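A.B. asks: quick one, what's the 3D model for this:
(one chain, ligands or ions: 1)
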Amino acid sequence: MTLQVGFVGTGGFTRFHCNLLSKMEGVQVRAFCATRLEKAEQAAVDWNGAVGYDSLTHMLDQQKLDAVFVCVPPMAHGEIEYALIERGIPFLLEKPLGLDLLQPADIASRIQAKPLITSIGYHFRYMDSTQRALELLKSRTVGMALGYWMGSMPKVPWWRRQDGSGGQFIEQTSHMVDLLRYTMGEVEEVYAAYANRVMHEKEDGVTTPDVGTVTIKLVSGAVATISNTCILPGSGPIGLHVYTDQGVLELSDKSLKDIGRASVCEYANQNDPYIREHEAFFHAVRTGDTSRILSIYADSLRTQTVTTAALHSAASGLPVRLDEFSG
Ligand SMILES: NC(=O)c1ccc[n+]([C@@H]2O[C@H](COP(=O)([O-])OP(=O)(O)OC[C@H]3O[C@@H](n4cnc5c(N)ncnc54)[C@H](O)[C@@H]3O)[C@@H](O)[C@H]2O)c1
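C.D. replies: The predicted model follows:
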């Protein structure tokens, strides 16, 4: 059965997903929805018979879609999800879930009431190296972890605005928070310090912090810090280093290094995690079996809770306990 797929958003990551889908059997991209009709029609040009729309309602009324990919900035979430939930259309949504916690929590409860198949783009979970780390961690005691997302500021204008992206920790570094939860379990408390050091003087309209560090206590008793910056002139380290009683597991976006007392083993990713993510989602849409989807909306809500609590902690200067935090 060929699945009919639509896209909301026509930016960089829609192009990325579309490129992979163009090589996948059994999937036909039928429609694109953008903020302007020209953009949507331009995106549709590459797909034989695909149609561009500037209204999601028109797209969903006129196309019989089996699934929709949502690739829009954090500030644009809400109405899109509500429309898809109401019509019962499964969706793969690019992280993060939104700017804050209140709206995602409401969306999560409506998804659960339906229920509806969802997949969230926390693709680090699908890396071979992450799965290998999970295996190794079964026989180790974790003490702590250090996570990083160090780089430059993306050029898209919404990213630099707090009311556009929610800031780097919510928008980008949430990948590391999600990886921390996936490998080490749930978070109990966060304490964050953020600052504006460089970018607000270098670029116009910057309202997001450009450096930050978040101290995390986990339910297991382990501790972690996850830090980020976007002041670098180019890319910097991205990853999560897990310190255990049998050495360090260094997860990056490409591989896992298992650093023991006298040896270093490196496991490079053999498979593309985004293809795995697509396969798991489409398998669920075809069969109803969601067991291969490694990140669903309800689970990602917990990652969103951690990143939003960190923002509140940075603003108040106080630690935030997650069981007392509702956004
Ligand atoms: N998982 C990953 O590795 C990864 C990588 C890059 C981006 N992303 C995520 O993907 C999302 C989109 O990023 P991008 O790089 O494509 O951004 P982008 O700025 O290139 O594109 C965003 C698109 O969304 C459109 N848009 C905004 N509001 C809309 C609305 N209400 N309806 C329809 N379209 C709307 C914009 O016009 C634009 O075409 C972000 O949340 C980002 O974090 C994930």
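A.B. asks: which residue packs closest to the residue of the stretch 1-150 of the chain found nearest the ligand, ignoring adjacent ones?
C.D. replies: Evaluated by C-beta to the nearest ligand atom, the stretch 1-150 of the chain has residue 11 as its residue closest to the ligand, separated by 1.8 Å. For the C-beta atoms, the positions are set from N, CA and C on the backbone; glycine is no exception. In space, and not counting its chain neighbours, residue 11 is closest to residue 71: 6.6 Å by C-beta to C-beta, 6 or more residues apart in numbering.
A.B. asks: ok, now residue 232?
C.D. replies: In space, and not counting its chain neighbours, residue 232 is closest to residue 152: 5.1 Å by C-beta to C-beta, 6+ apart.
A.B. asks: residue contacts, the one you found?
C.D. replies: Counting by C-beta atoms under 8 Å, 6 or more residues apart in numbering, residue 152 makes contact with 230-235.
A.B. asks: now residue 232: phi and psi?
C.D. replies: Per-residue torsions, residue 232: phi -70, psi 150 (degrees, to the nearest 10).
A.B. asks: go ahead and confirm it touches residue 148.
C.D. replies: No: counting by C-beta atoms under 8 Å, residue 232 stays clear of residue 148, with 11.5 Å between them.
A.B. asks: comparing these two, which residue is more hemmed in?
C.D. replies: In terms of neighbours (other C-beta atoms under 10 Å), residue 148 is the more surrounded of residue 232 and residue 148; the figures are 19 against 14.
A.B. asks: distance check, the residue nearest to residue 232 against residue 289.
C.D. replies: Remark: distance between residue 152 and residue 289 (C-beta to C-beta, to the nearest Å) = 41 Å.
A.B. asks: please apply the same query to residue 273.
C.D. replies: In terms of C-beta to C-beta, residue 273 sits 20 Å off from residue 289.
A.B. asks: surely residue 296 meets residue 121?
C.D. replies: No: under the criterion of C-beta under 8 Å, residue 296 is not in contact with residue 121, lying 11.7 Å apart.
A.B. asks: these two: which has the busier surroundings?
C.D. replies: Neighbour tally, residue 296 and residue 121, criterion other C-beta under 10 Å: the higher count belongs to residue 121, 25 against 18.
A.B. asks: sec struct for the residue of the stretch 201-327 of the chain found nearest the ligand, please.
C.D. replies: Going by C-beta to the nearest ligand atom, the ligand is nearest to residue 274 of the stretch 201-327 of the chain, at 7.6 Å. With DSSP: H, G, I helix; E, B strand; the rest coil as the basis, residue 274 sits in helix.
A.B. asks: show me what contacts it?
C.D. replies: The neighbours of residue 274, taking C-beta under 8 Å, 6+ apart as the test, are 16-17, 20, 123, 126.
A.B. asks: now the phi/psi pair for the closest residue to residue 28 other than its chain neighbours, please.
C.D. replies: Once flanking residues are discounted, residue 28 sits nearest to residue 2: 5.2 Å by C-beta to C-beta, 6+ apart. Residue 2 adopts backbone torsions of phi -80, psi 120, taken as degrees, to the nearest 10.
A.B. asks: show me the domain layout of the protein.
C.D. replies: Split into domains by automatic domain parsing, the chain comes to 3-123+274-293, 127-269+304-324.
A.B. asks: want to try a markdown table for the ones you listed, with mean pLDDT as columns?
C.D. replies: Output for the domains of the chain, formatted as a markdown table (pLDDT from 0 to 100):
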| stretch | mean pLDDT |
| --- | --- |
| domain 3-123+274-293 | 97 |
| domain 127-269+304-324 | 97 |
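A.B. asks: tell me which of residue 273 and residue 289 has more neighbours.
C.D. replies: It is residue 273, of residue 273 and residue 289, that has more neighbours when counted by other C-beta under 10 Å, with 21 against 12.
A.B. asks: mind checking how far that one is from residue 190?
C.D. replies: Taking C-beta to C-beta as the measure, residue 273 falls 26 Å from residue 190.
A.B. asks: and residue 116, by the same measure?
C.D. replies: Plainly put, residue 116 is 30 Å away from residue 190 if you go by C-beta to C-beta.
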